[in-house]
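*Asks:* Pasting a predicted model and its sequence here:
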Amino acid sequence: MRAGSPLLLLAVLSGCGGDEGPALTATPADSSLFGHQEVTLSGDVASLGEIVEVTVGGVRAYDLRPAPGAITITLQGSLDPGPADLVVIGRGARSVRRRLFTYRSPASGVPLRWVAFGASLTQGAQSGGIDPHGQVHGVSGQVARAASVYLGLPLLTRAVLPPLRPQDLGPDCTAKPNTGASYATLTAAITDQATGLFDLRRARIDPTLTSRNLAIGGSKLDEILHGAANSGGAIIEHIVEAPDTPPAEILSRIDRSQIDRLEALDPDIAFSADLLGNDVDPAVVAPDDLYPSRITPLATVKPQIEEVAARLGRLHGHYFIANLPSLSFLPNVAALRAIRLAAGTDTTATFDAKLAAIEALADSYNGALAAALALHPNLHLVDLHAEVESLRGGVTVAGQPLTTRRFGGLLSLDHLHFTDTGYALLADLFIRAINDTLGLKIPAPDLAAVHATDELSPSALRAAGLTCPP
């Protein structure tokens, strides 16, 4: 919304005076600070004309769905608890209801200011893309929901980087043509058809929202420290942090990196599920072979780890940072082994030697991370390596066995990022670490409830007509 627009003027004026316009009721009338909850507003909504904006506590709602005598909205949450004003702006009039809604305080002892940072796991990537579902149901969203705290998710429109869906696969589970995320979907989503120019605001459901999940998919540690440039990651970083960036500058390095923003926000609690992942995983995701040479050298990464630790260690909050899992758990590793041994392009010994080199480098990364964090009492290592090892044997949720194998229910359709249920398990890992460290009692995610609506569970995939799930 541009300065000086009638809608902005209405929003500003709504901060003064009492109730006005038709009376409305809200069902439910309260929410956790996390938000992302549906609320139905009932009353003479029709008298307002076409509804163009709804704010609750000054924060825009999204997914507006009018119905006779009502409109259903989805909240983005609130940084602060307490009563919140409701403003519904229509083409013809508006309704202002003071203190109609309430944001509940989190449980006793849980601090209010939280931030997430890192790369695609922390951002909420699934099935080769990023959309509001993954952002809300990813590890960061599920941690914040369980803690009942605000995380300011910078929701992307569904057209920007659309994840694969079960309907995008044939019965044999191969992707249909022209499905999923690509540079073409990204550029189409940010192109203003009237001018032919890029407008990054088109990529955000609410480009006015200040993000508190700073993570950018694909980021290496250097980019987390200094910002991305001349890449798709740079475009996504501008979308997340600065959607008003002029078209000519969208590939430039952003003014404030993730670590710069963390320092400015100085949160009470922050966490990252994948600080180091993109410096290592290029070694194991290619379709033709393993490539240990594609790992960023330890001599390059180690001082970067130490800089991150030193800068975060000076802040007041507590930081929870995951180490690297053994990348041999990824299905692509087993697939490559089978293909290359069958083709005679590797022997067991030569393939295992490459994998051992990759694992040794990942272990060295983990050692450097642990040593750097140990120097600062407010920095805490989260043992994702051990958690993923425990999942190799599978886990049973709501009576259904789930595994990290392809279509096994823990990894999404890209066999790299997690399903809703997989992310809930990672969220539980972080919550346990936070509770143990700070003496809190944040509840674990309800795995059975998450799994019940997970469209990537084996049973859901089979119900969608796919024959490959176990």
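*Replies:* Sure thing, it's come through.

*Asks:* Surely residue 137 and residue 423 touch.
*Replies:* Yes. Taking contact to mean C-beta atoms under 8 Å, the distance of 6.3 Å between residue 137 and residue 423 places them in contact. Where you see a C-beta, it was placed from the backbone N, CA and C, and this is true even at glycine.

*Asks:* Could you tell me which residues touch both of these two?
*Replies:* A shared contact of residue 137 and residue 423, defined by C-beta atoms under 8 Å, 6 or more residues apart in numbering, is any residue touching both; here these are residue 124.

*Asks:* Compare the two (neighbour count), which wins?
*Replies:* Between residue 137 and residue 423, counting by other C-beta atoms under 10 Å, residue 423 is the more crowded of the two (28 against 25).

*Asks:* By residue count, tell me the biggest helix in the chain.
*Replies:* With DSSP state H applied, the helix covering the greatest number of residues in the chain is identified as helix 348-373.

*Asks:* May I see the buried residues of that helix?
*Replies:* Buried residues in helix 348-373, counting neighbours by 16 or more other C-beta atoms under 10 Å, are found at 351, 354-355, 358-359, 361-362, 365-366, 368-369, 372-373.

*Asks:* what residues are up against the residue nearest to residue 49 when sequence neighbours are not counted?
*Replies:* Nearest-residue entry for residue 49: residue 92, 3.3 Å, with adjacent residues in sequence omitted and distances by C-beta to C-beta, 6 or more residues apart in numbering. With contacts defined as C-beta under 8 Å, 6+ apart, the neighbours of residue 92 are 47, 48, 49.

*Asks:* Out of the buried residues of helix 348-373, which is nearest to residue 83?
*Replies:* residue 373 (40.1 Å; C-beta to C-beta).

*Asks:* Next, format the buried residues of helix 348-373 as JSON lines and append pLDDT.
*Replies:* JSON lines is the format used below for the buried residues of helix 348-373 (pLDDT from 0 to 100):
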{"residue": "351", "pLDDT": "98"}
{"residue": "354", "pLDDT": "98"}
{"residue": "355", "pLDDT": "98"}
{"residue": "358", "pLDDT": "98"}
{"residue": "359", "pLDDT": "98"}
{"residue": "361", "pLDDT": "97"}
{"residue": "362", "pLDDT": "97"}
{"residue": "365", "pLDDT": "98"}
{"residue": "366", "pLDDT": "98"}
{"residue": "368", "pLDDT": "98"}
{"residue": "369", "pLDDT": "98"}
{"residue": "372", "pLDDT": "98"}
{"residue": "373", "pLDDT": "98"}
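
*Asks:* Can you tell me which of those residues is closest to residue 86?
*Replies:* The nearest member of the buried residues of helix 348-373 to residue 86, counting by C-beta to C-beta, is residue 373 at 43.5 Å.

*Asks:* What sits closest to that closest one if chain neighbours are left out?
*Replies:* Closest residue to residue 373 apart from its sequence neighbours, by C-beta to C-beta, 6+ apart: residue 379 at 4.2 Å.

*Asks:* Am I right that the one you found is in contact with residue 313?
*Replies:* Yes. Counting by C-beta under 8 Å, residue 313 is a contact partner of residue 379 at 5.7 Å.

*Asks:* hmm, back to that, with distance to residue 298 as new columns, can the buried residues of helix 348-373 be given to me in CSV?
*Replies:* As requested, these are arranged in CSV below (distance: C-beta to C-beta, whole Å):
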residue, distance to residue 298
351, 23
354, 17
355, 17
358, 12
359, 13
361, 7
362, 10
365, 7
366, 11
368, 7
369, 11
372, 13
373, 16
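
*Asks:* now, which of those sits nearest residue 182?
*Replies:* Distance to residue 182 across these (C-beta to C-beta) is lowest for residue 358, with 27.8 Å.

*Asks:* Please tell me how far the closest one sits from residue 347.
*Replies:* With distances taken as C-beta to C-beta, to the nearest Å, residue 358 is found 17 Å from residue 347.

*Asks:* in the protein, which helix or strand is least confident?
*Replies:* helix 6-13 (a mean of 43; mean pLDDT, DSSP states H and E).

*Asks:* ok, then the element right after that helix?
*Replies:* Going down the chain from helix 6-13, the next helix or strand is strand 24-27, by DSSP states H and E.

*Asks:* Just the buried residues of that following strand, please?
*Replies:* For strand 24-27, a neighbour-count test (16+ other C-beta under 10 Å) marks 24, 26 as buried.

*Asks:* tell me what it is packed against?
*Replies:* Taking 3 or more C-beta pairs under 8 Å, 6 or more residues apart in numbering; DSSP states H and E as the contact definition, the neighbouring helices and strands of strand 24-27 are strand 38-43, strand 82-90, strand 94-104.
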